[in-house]
Structure formats: C-alpha cells, structure tokens
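**Student:** Need a 3D model of the following:
(one chain, ligands or ions: 1)
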Amino acid sequence: MKAKENKIIGVSVAVVYNVAKQTSRLAKDPEASFSLWELIQDVGIGYFLTSLPDWIEPSINNPRHRKFFHSLTFFVLTTYGITGNRLERLPKELRGPAKTLGITYLAHLGADSTTKFSLSVI
Ligand SMILES: [Zn+2]
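**Tutor:** Reported below is the predicted structural model:
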C-alpha cells in the first residue's frame with residue numbers, strides 16, 4: 001500500500017473514530033462540548049503516524065518486507081492493548097492519542113491485508 005493511500009485511510013478512520021467518540025461523550029453529558037482540538041489531534045495522528053508500520057518495516061525494494069509488525073499476531077496484540085482498561089496505565093492526556101494511534105495502526109494493517117502479500121500470521 002502506498003503512503004498516500006495509507007494517509008487517506010488513516011485520516012478517514014481517525015475522523016470517524018473521533019466523531020463517534022465525541023458523539024458518545026455528548027450523549028452521556030449534555031454539558032460537554034465538541035472539541036475541535038481533539039479532532040485536529042486525531043486527524044494529525046491519522047495523517048502523520050498511519051505509516052508507522054512501514055517505518056518500522058520499510059518496503060525499500062522489498063515487496064516482502066512485512067514481518068512481525070505487519071502480522072496478524074501484532075494485529076491481535078494491538079487490539080488487546082487498546083481495548084478494555086489497558087490504556088488506563090498511561091497518563092490521562094496520552095490515553096486518547098494512544099488509542100487513536102492504535103486504531104490507525106490497525107487500519108494500516110487492515111488495508112495491507114487486502115494486498116497481494118497480505119499479512120503473515122507471526
Ligand atoms: Zn504496511
């Protein structure tokens with residue numbers, strides 16, 4: 001998957017995730033307000049960090065560059081890490097960005113899984 005395609009996917013996923021998150025928060029607390037700053041943060045993560053898996057395992061002249069950080073195992077570990085209360089260990093201000101990073105990472109792996117070389121199991 002090319003970097004431009006990853007950015008489109010990363011930003012799209014970040015926007016959908018952020019709007020769903022903020023809509024849920026607004027439904028629970030009518031006194032809350034929509035945070036444009038939070039949306040901008042998530043879009044920034046989706047734009048700038050969506051290629052993180054390819055930075056870790058670059059595809060320079062090697063179409064079979066995908067190893068552990070492009071595997072189904074890492075997909076499951078990332079999902080486990082961002083669900084439940086596991087991010088509660090982080091400082092409060094990092095929990096939201098960490099979850100958005102995890103979701104955009106999963107989106108990258110999901111997109112890569114649709115390509116010819118897909119993802120490895122391990
Ligand atoms: Zn990739």
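
**Student:** going forward, measure contacts between C-alpha atoms and count neighbours the same way
**Tutor:** Noted.

**Student:** tell me which residues in stretch 25-42 are buried?
**Tutor:** Neighbour-count burial for stretch 25-42 flags 39, 41-42 (criterion: 16 or more other CA atoms under 10 Å).

**Student:** Just these: which are in helices?
**Tutor:** Residues of the buried residues of stretch 25-42 located in helices (DSSP state H): 39, 41-42.

**Student:** Enumerate every residue touching the residue nearest the centre of the chain.
**Tutor:** Centroid check for the chain by CA atoms, centre = their mean gives residue 104 as the closest residue, at 1.6 Å. With contacts defined as CA atoms under 8 Å, 6 or more residues apart in numbering, residue 104 is in contact with 10, 13-14, 45-46, 49-50.

**Student:** try 6 Å this time
**Tutor:** Listed by CA atoms under 6 Å, 6 or more residues apart in numbering, the contact set of residue 104 reads 10, 46, 50.

**Student:** Residue 73 versus the residue of the chain positioned farthest from its centre, what's the distance?
**Tutor:** Most distant residue from the mean C-alpha position of the chain: residue 31, 28.8 Å away (CA atoms, centre = their mean). Distance, residue 31 to residue 73, by CA to CA, to the nearest Å: 41 Å.

**Student:** Repeat that for residue 29.
**Tutor:** In this structure, residue 29 and residue 73 are 37 Å apart, going by CA to CA.
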